[in-house]
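Chemist: this is a predicted model, with the sequence first.
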Amino acid sequence: MTSKVYPELRTATANLTFSNDPQFSPRFWEVVQIFVAGIQPLTDIGGVAIWELTNGTFVVSPVTVPGGTQALLQTWLQPTLDLLVRHQMSFNYTIHEYTTFYDSYREMNRPSNVTEYQIGGRLIPRSTVDRNLSKLFHALQTITEHGAVVSGVSLNVSRTPVPDNAVNPAWRDTAISIVIAMPFDYHKRTANRISQGLITNTLLPLLEELTPGSGAYLNEADINQPNWQSTFYGSNYVKLAAIKLKYDPDHFFYARTAVGSEYWVESADGRLCHAV
């Protein structure tokens, strides 16, 4: 493997948390929308915002701009902070500038454990954020009302020219990578199946309807994702399938949503059988 490394950069980072008062719920959602829409100029210069949304809280942990200054980051976050003050909403806010990205990561990123959740995901294109922001947040509000947690990563990984590689082309137009999560209980198998079915059949379709032709991040996605070939691999799937067939003609290497897995069927007892 060849890895490309970069010199350390001065990095500006901020964390923000505020809560939803049921009496003033519209204000809460207004502030969340202002943040998500306003952070895009920072993602265009290489910044990334990691945020988590429930029907009760919004947590940014963190928004990071490698090579950026605290003053620059403060400028782009100020409209969100001003709106919080105007609505008389309490919040916790921290902003720092570090000499290295690693120092920023070590101090401002909170620990997380995704193994305790069942998940599904969707890549939200820039066009959806620009033109259908209110519909997007109506969908997110509905999702949280079902008891789900929404995790978002606001970013920009577009490139010119687009390299000829296996990356799902949907990433090049993505403004937010969304993950929907429901709690997983090791002792309640039936409840887990119901929750995963809710993600597959009810919650994800709310986002898919707003993002036709987009996809999802394979590593943070619904294990039962319909049309997974196009959702996870996009227009690259046909070429990837041909490569897989060339180097693994017996289909020895298998994962449920990996390239070429159509050649196998999982039986009720968990065994793999050749597809007819």
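Modeler: Yep, it's here.
Chemist: could I get the contacting residues of Met182?
Modeler: Met182 sits next to 117-119, 147-149, 195-196, 198-199 when contact means C-beta atoms under 8 Å, 6 or more residues apart in numbering. Using the backbone N, CA and C atoms, a C-beta is placed for each residue, glycine as well.
Chemist: ok so it is a strand residue?
Modeler: Yes. The assignment for Met182 is a strand, going by DSSP: H, G, I helix; E, B strand; the rest coil.
Chemist: not counting sequence-adjacent ones, nearest residue to it?
Modeler: Of all residues not flanking Met182 in the chain, Ser195 sits nearest, at 4.1 Å (C-beta to C-beta, 6 or more residues apart in numbering).
Chemist: give me the buried entries from the contacts of Met182.
Modeler: The neighbour-count test (16 or more other C-beta atoms under 10 Å) applied to the contacts of Met182 identifies 117-119, 148-149, 195-196, 198-199 as buried.
Chemist: between the residues you listed, which is nearest Thr11?
Modeler: For these, the closest approach to Thr11 (C-beta to C-beta) belongs to Val149, at 27.0 Å.
Chemist: now the closest one: closest residue in space that isn't a chain neighbour?
Modeler: Using C-beta to C-beta, 6+ apart, the closest residue to Val149 is Ala181 (4.5 Å).
Chemist: what's around the one you found, how many residues?
Modeler: If you count neighbours by other C-beta atoms under 10 Å, Ala181 ends up with 21.
Chemist: beta partners of it?
Modeler: Ile119, Val149 (DSSP bridges).
Chemist: Ser154 now?
Modeler: With DSSP bridges as the rule, Ser154 is bridged to Ala49, Ile176.
Chemist: neighbours of it, how many?
Modeler: 24.
Chemist: quick check: next helix or strand after the lengthiest helix in the chain?
Modeler: Determined from DSSP state H, the single longest helix within the chain is helix 70-86. Proceeding N to C from helix 70-86, the next assigned helix or strand is strand 91-98, under DSSP states H and E.
Chemist: buried ones in stretch 94-113?
Modeler: Within stretch 94-113, judged by 16+ other C-beta under 10 Å, the buried ones are 95-98, 101, 104, 108.
Chemist: what stretches of this structure score poorly on pLDDT?
Modeler: 112-114 (pLDDT under 70).
Chemist: would you map out the domains in it?
Modeler: 1-112, 116-226, 236-274 (automatic domain parsing).
Chemist: about what we covered before: gap between the residue nearest to Met182 and Leu84?
Modeler: 33 Å (C-beta to C-beta, to the nearest Å).
Chemist: what number of residues lie near Ile124?
Modeler: By other C-beta under 10 Å, neighbour count at Ile124 equals 25.
Chemist: list the contacts for it?
Modeler: Ile124 neighbours (C-beta under 8 Å, 6+ apart): 136, 174-178, 207, 210-211, 214.
Chemist: need the contact list for the closest residue to it other than its chain neighbours.
Modeler: Nearest residue to Ile124 in three dimensions, chain neighbours excluded: Ile176, at 4.2 Å (C-beta to C-beta, 6+ apart). Ile176 makes contact with 36, 123-124, 129, 152-155, according to C-beta under 8 Å, 6+ apart.
Chemist: and Pro7, which of the three is it?
Modeler: Going by three-state DSSP: Pro7 is coil.
Chemist: and if you look at Asn15?
Modeler: Quick answer, by three-state DSSP: Asn15 is strand.
Chemist: that one contacts Ser61, doesn't it?
Modeler: Yes. Under the criterion of C-beta atoms under 8 Å, Asn15 makes contact with Ser61 at 5.4 Å.
Chemist: give me the common contacts of these two.
Modeler: Joint contacts of Asn15 and Ser61 (C-beta under 8 Å, 6+ apart) are Met108.
Chemist: from the buried residues of stretch 94-113, which two are the most distant?
Modeler: Ile95 and Phe101 (15.7 Å).
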